[in-house]
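# Provided below are the primary sequence and the corresponding predicted coordinates.
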Amino acid sequence: MHHSPRGTLFLWPDHWQVIGHLTPNRPHRHISASLLVGLDGPFRLQVDGHWRTTSAALVAPDVEQSLDPGDTRMWCAQLDPDSDFWRALQHRLGDQPRWIFR
């Protein structure tokens, strides 16, 4: 069952978050970092041309990505690369400086 897109958007000066049912999108880049969590289960994410099924992902700024959430409600945060939030998470990428899946 596919849900119509709907959710709640939260805005702060250095990041924004959305929680809800999202629509699939085409490959694109953000100036911000992306933190994506499937709240009801896994989702599909394409990063640098490779699709993965995952329940959480952290994608560095300016990395091509595309989301296919399916029926999963998502929590998505877009973090300014100069924000304390991104600085606190950036080390989690470890040896892979562009993205990490869980």
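It's in.
# check contacts around the spatially most central residue of the chain.
The centre of the chain sits closest to L36, judged by C-alpha atoms, centre = their mean, with a distance of 3.2 Å. Contact analysis of L36 by C-beta atoms under 8 Å, 6 or more residues apart in numbering lists F43, L45, A56, A57, L58, V59, L67, M74, W75, C76. C-beta: built from backbone N, CA, C; applies to glycine.
# 6 Å - rerun?
A57, C76 (C-beta atoms under 6 Å, 6 or more residues apart in numbering).
# Can you tell me the element it falls in?
Element membership for L36 (DSSP states H and E) is strand 33-38.
# One more: Q17?
strand 15-21.
# Can you tell me the strand partners of that strand and which way each runs?
Sheet pairing of strand 15-21 (DSSP bridges) gives strand 6-12 (antiparallel), strand 74-79 (antiparallel).
# looking at those, which is closest to L22?
strand 74-79 (5.1 Å; C-beta to C-beta).
# Any buried residues in the closest one, and which?
M74, C76, A77, Q78, L79 (16 or more other C-beta atoms under 10 Å).
# Not counting its own residues, what contacts it?
Contact partners of strand 74-79, identified using C-beta under 6 Å, 6+ apart, comprise 15-19, 22, 30, 32-33, 35-37, 39, 85-86.
# ok, so of those, who is nearest L93?
A33 (9.5 Å).
# residue ranges for the strands of the chain, please.
6-12, 15-21, 33-38, 43-47, 50-54, 56-59, 65-68, 74-79, 99-101 (DSSP state E).
# Direction-wise, compare the third one with strand 43-47 and give the angle.
I take that to be strand 33-38. Relative orientation of strand 33-38 versus strand 43-47 (axes from the mean of the first three to the mean of the last three C-alpha atoms, to 10 degrees): 160 degrees.
# Given strand 33-38, what are its sheet partners and their directions?
Partners of strand 33-38 in the sheet, by DSSP bridges, are strand 56-59 (antiparallel), strand 74-79 (antiparallel).
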